[in-house]
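here is my input, please return the structure:
(one chain, ligands or ions: 2)
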Amino acid sequence: MNYSRHLKGKYTDILHCALDKAKTWRILASALAVAGAAAVAGCSGGAGEHASASRADSPYKPTLFKRFGDNVNVPDGLTQDKEGNIYLSVPNYVNTSYPAAILRRSKETGNWSIFVQALVHPDTKLAAPMGIELAEDGNIYYCDNQYFFNKDYKSRLMRVVIDKNGEPLRIEPVVENIRLANAVRVRGDSVYFTDTFFDVPGKNLGGVYRVPISAFKNGPVRLLPKEQAEKDPYLLGTTETQALPVRNDTAAADGMCFDSAGNIYTGNFGDGHFYILKAKSDGNYEKPQTLFQDPKVLPSIDGICYYAKKNWIIITDSQNNAVHYWDIKAGKLGLLWVNDDTDGADGLLDQPCEPMVWGDKLLIVNFDWAFPGLKNSKNDEVHTLSVINLP
Ligand SMILES: [Ca+2]
Ligand SMILES: [Ca+2]
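Ligands and ions are numbered 1, 2, ... in the order given. Just a heads-up that it's a prediction; the model follows:
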């Protein structure tokens, strides 16, 4: 396929970069699709579930939860309120003539509607909501990922201020000077988020940040430039990607979540390196420590979320169209599901990004914006959310 044909106008820079990195991609892509599935299915731990992970009779086979039209050409993040209404962030990278927005699905009716149109950046004139979280303060926080439009620190963490009736009042930036704002969580009195690209020479770094909500009560906080990241009081820790041969993707910290003990988990998009930042008794965190690193089994981490019932961290693998889980108590990785390239019309995974536990189900957003080396061979016309019945 010709990757560049899917890129238009403002995406030209991104596409050229991707194409430069992908000289070997066309040759290896078909082999990867086969080998990737075999490698994942053969990984160790939880062997019984692995053996059935891609079979049609697997209890964890995804089905279609929602199919959208082109107005939702690239969806990304999920959150929910106490009633079970769902909020979906929609950056629409493939066709930005459709505005970026946050959608809302009513639990009562099952109907989707636009909750609020995302606030465009004054320089890029575009918005790109990715990670999203409805916080206990009643407001929605989301990552405005401007990196695919402009790599010069245009990304921001945004807050949708919501009134007592649950309606949006306004959107405002609360943290600025981010490279690629990706995942966000709100816990206690602070917001936590990942920045996927530091873009400093010599190392492929990303990081996890924490900013107290009190710090932006009078206006947005600005992170330090990455050359001074070690001095940034808001930086909790960095992760580093060892770019894999085929994809050569240097993206670092992507998804992030907490477990019930307050530990933070994150992972690299580029190489699937999975980390924990252990909570300390004084409220701070230890530096990121490796929990799992084997790109033959897990070559990419996109979204992650916590599944309290099983004490699992659920991980989507964007490269292999797979969903894994990290069993915290056992200290082992397991596989829930993996499938080959598909358009997703039947509910199978098509470059899965953010997962969310919703009652006894796992909802999974299919990003479907093909990058070199992923199983997903093209950003097709089918834009979907998948659902898996959780054990
Ligand atoms: Ca699709
Ligand atoms: Ca696709």
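
mind checking how far residue 297 is from residue 314?
If you measure residue 297 against residue 314 using CB to CB, to the nearest Å, the figure is 16 Å. For the C-beta atoms, the positions are set from N, CA and C on the backbone; glycine is no exception.

chain neighbours aside, what residue packs nearest to residue 115?
The shortest distance from residue 115 to any non-neighbouring residue, by CB to CB, 6 or more residues apart in numbering, is to residue 104 (3.8 Å).

hang on, isn't that neighbour packed against residue 112?
Yes: under the contact definition of CB atoms under 8 Å, residue 104 touches residue 112, with a separation of 7.1 Å.

which of the two has more neighbours?
Legend: neighbour count by other CB atoms under 10 Å for residue 104 and residue 112, higher for residue 104 (19 against 15).

any idea of the pLDDT on that one?
At residue 104, the predicted lDDT confidence score is 98.

which element is it on?
Assigning secondary structure by DSSP states H and E places residue 104 in strand 101-105.

now the next helix or strand after that strand: buried residues?
Towards the C-terminus, the helix or strand next in line after strand 101-105, according to DSSP H and E, is strand 112-117. Across strand 112-117, burial judged by 16 or more other CB atoms under 10 Å covers 115, 116.

returning to that earlier point: partners of the strand holding residue 104, with directions?
Strand partners for strand 101-105, identified by DSSP bridges, are recorded as strand 86-90 (antiparallel), strand 112-117 (antiparallel).

who touches the longest one?
I take that to be strand 112-117. Residues outside strand 112-117 that contact it (CB atoms under 8 Å, 6 or more residues apart in numbering): 66, 68, 87-88, 99-106, 127, 160, 168, 171.

and what of the first one?
Contacts to strand 86-90, defined as CB under 8 Å, 6+ apart, come from residues 72, 74-81, 100-105, 107, 112, 115, 118, 129-132, 134, 140, 142, 356, 358, 363, 365, 385.

quick one: secondary structure of the residue in the stretch 51-200 of the chain that ligand 1 sits nearest to?
In the stretch 51-200 of the chain, no residue comes nearer to ligand 1 than residue 67, which is 9.0 Å away by CB to the ion. Using DSSP: H, G, I helix; E, B strand; the rest coil, the secondary structure recorded for residue 67 is strand.

now do residue 228
Recorded secondary structure, residue 228: helix (three-state DSSP).

if we ignore the residues flanking it in sequence, what's nearest the residue of the stretch 51-200 of the chain closest to ligand 1?
Closest residue to residue 67 in three dimensions, ignoring its sequence neighbours and counting by CB to CB, 6+ apart: residue 384, at 5.2 Å.

so the one you found sits against residue 344, correct?
Yes: taking CB under 8 Å as the contact criterion, residue 384 and residue 344 are neighbours in contact, 4.3 Å apart.

what sits in contact with each of the two?
Among the neighbours of residue 384, those also in contact with residue 344 (CB under 8 Å, 6+ apart) are 64, 350, 366, 368.

count of neighbours near the second one?
Same thing as residue 350. Counted by other CB under 10 Å, the residues lying close to residue 350 total 30.

which stretches of the stretch 251-391 of the chain form strands?
Remark: strands of the stretch 251-391 of the chain, listed N- to C-terminal, are 253-258, 264-268, 274-277, 289-292, 304-307, 312-317, 322-327, 332-338, 352-358, 361-366, 383-389; assignment by DSSP state E, counting those that start in this stretch.

make a markdown table from the ones you listed and add mean pLDDT and distance to ligand 2 to it.
Conversion of the strands of the stretch 251-391 of the chain to a markdown table gives the following (pLDDT from 0 to 100; distance: least, CB to the ion, whole Å):
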| stretch | mean pLDDT | distance to ligand 2 |
| --- | --- | --- |
| strand 253-258 | 98 | 19 |
| strand 264-268 | 98 | 22 |
| strand 274-277 | 98 | 25 |
| strand 289-292 | 98 | 27 |
| strand 304-307 | 98 | 22 |
| strand 312-317 | 98 | 15 |
| strand 322-327 | 98 | 15 |
| strand 332-338 | 97 | 15 |
| strand 352-358 | 98 | 11 |
| strand 361-366 | 98 | 8 |
| strand 383-389 | 98 | 9 |
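
now, of those strands, which is deepest in the fold?
Among these, ranked by average contacts under mean count of other CB atoms under 10 Å, first place goes to strand 264-268 (a mean of 28).

neighbouring strands - and their directions - for it?
Taking DSSP bridges as the criterion, strand 264-268 forms sheet pairs with strand 253-258 (antiparallel), strand 274-277 (antiparallel).

is it true that residue 148 touches residue 127?
No: using CB under 8 Å, residue 148 is not in contact with residue 127; the gap is 11.8 Å.

report the beta-bridge partner residues of residue 173.
Partner residues in beta bridges with residue 173, using DSSP bridges, are residue 158.

what is the rounded mean pLDDT of stretch 219-229?
The predicted model assigns stretch 219-229 a mean pLDDT of 98.

start and end of that stretch, how far apart?
Separation of the first and last residues of stretch 219-229 by CA to CA, to the nearest Å is 21 Å.

which residues are in contact with that stretch?
Outside of stretch 219-229, the residues that reach it under the criterion CB under 8 Å, 6+ apart are 153, 156, 172-179, 195, 198-200, 205, 207, 209, 211, 215, 231-232, 234-235, 238.

give me the distance from stretch 379-391 to the chain's centre.
In terms of CA atoms, centre = their mean, to the nearest Å, the gap separating the centre of stretch 379-391 from the centre of its chain is 15 Å.

contact partners for residue 60?
Contacts of residue 60 by CB under 8 Å, 6+ apart are 49, 53, 323, 336, 337, 388, 389, 390, 391.

can you rerun that using 7 Å?
336, 337, 388 (CB atoms under 7 Å, 6 or more residues apart in numbering).

residue 151 now?
Residue 151 sits next to 179, 199 when contact means CB under 7 Å, 6+ apart.
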